[in-house]
Every structure is written in structure tokens, then in C-alpha cells.
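1. Coordinates for the following, if possible.
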Amino acid sequence: MHITVDRFKSDNDTTVSNLSIDGRFVCFGLEDEYRADKIANETRIPAGRYTVGVRTKGGFHGRYTGKFPDMHQGMLHVLDVPGFEYILIHIGNTDEDTSGCLLVGLNASVDDGELRVTASKLAYQKLYPMIIDAALNDDLTIEYIDNDR
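-> Predicted coordinates for the structure are as follows:
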């Protein structure tokens, strides 16, 4: 199974993308901005293809176990990103909610000049069940494509 994150819009703080699974659009994504030189917690990961695994440790895992008790089996974890660690797929609305991770939302918009995604929890509840089994079986990849620059 393959996730494509097609980055199509960015500004000085934020990047918005279309997220599809095996070629079918599912939701929007939001990340930090592109930077040639990484600044911790303020830089999106490099374009490329990565494996997605499942992380069952840490604060996000504990919170999501309580928040999504009927579906949560671990955090979706983008693995082996050069210069980055603990890159997760999770809920949130603005670049303030991410430190390099991929946030998901059903809608993307500009509010008061700020790029954001909305209905994030609903998007996560849609996306997670579609891909968790593949992640658990080491059969999930994600590709980030820079079409915003």
C-alpha cells in the first residue's frame, strides 16, 4: 500500500498537500515549511519515499490510546528520514501543531493569511483504518513530492 503526499501550496510557515492512497485522494495534509537548512521543529522532511511503521511508545501513543480507543493500535511513524526522528501522522490544524510531522484534515483553507487544515480528527478517523493493517504488516510506504516550489 502506498501513500502519496503531493505538496502543492506553501508559504513561509506552512505546506499544504493532497494525500492519496494508491492513487485515490483521501484528505489534505499540512506540514512545516521547506528549508534548505533544517531548523528543529520548523522544517518539513525532505521529499522522498519512506516506510511507515507503527510506534507504540511515547506521549502521542498514550494520548491516542485514550482518544481513539476503538481503533488505535499505535502511531503511524515515518521511518528512516535523514536528520529527523519521530515523524508521525497525526491530528492538528496549523503549523503550530507540528514539529515536522504530517497533520491531516478533510479541508484546507487560508484563515487570516494562515494556511490550515480543518476537520482533522475526522480525517484521521477516515485515514487510519485504511492503512493501519498495512503499517502493522510492514507493507506501507509514503512518498512526499514537492510540487509547491
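2. and the next element down the chain from the helix or strand bottoming out on mean pLDDT in the chain?
-> Within the chain, no helix or strand scores below strand 107-111, which has a mean of 92 by mean pLDDT, DSSP states H and E. Heading C-terminal from strand 107-111, the first helix or strand you meet, by DSSP states H and E, is strand 114-118.
3. Run through the neighbouring helices and strands of the lengthiest helix in the chain.
-> Across the chain, the helix with the greatest residue count (assigned by DSSP state H) is helix 120-136. Identification of packing neighbours for helix 120-136 by 3 or more Cβ pairs under 8 Å, 6 or more residues apart in numbering; DSSP states H and E yields strand 14-21, strand 24-32, strand 48-55, strand 75-78, strand 87-90, strand 102-105. Every residue, glycine included, has its C-beta placed from N, CA and C.
4. closest to residue 136 out of these?
-> Distance to residue 136, taken as Cβ to Cβ, is lowest for strand 48-55 among the helices and strands packed on helix 120-136, at 5.6 Å.
5. helices or strands next to the helix or strand following that closest one in the packing?
-> Tracing the chain C-terminally past strand 48-55 and defining elements by DSSP H and E, one meets helix 58-67 next. When contacts are defined as 3+ Cβ pairs under 8 Å, 6+ apart, helix 58-67 packs onto strand 75-78, strand 87-90.
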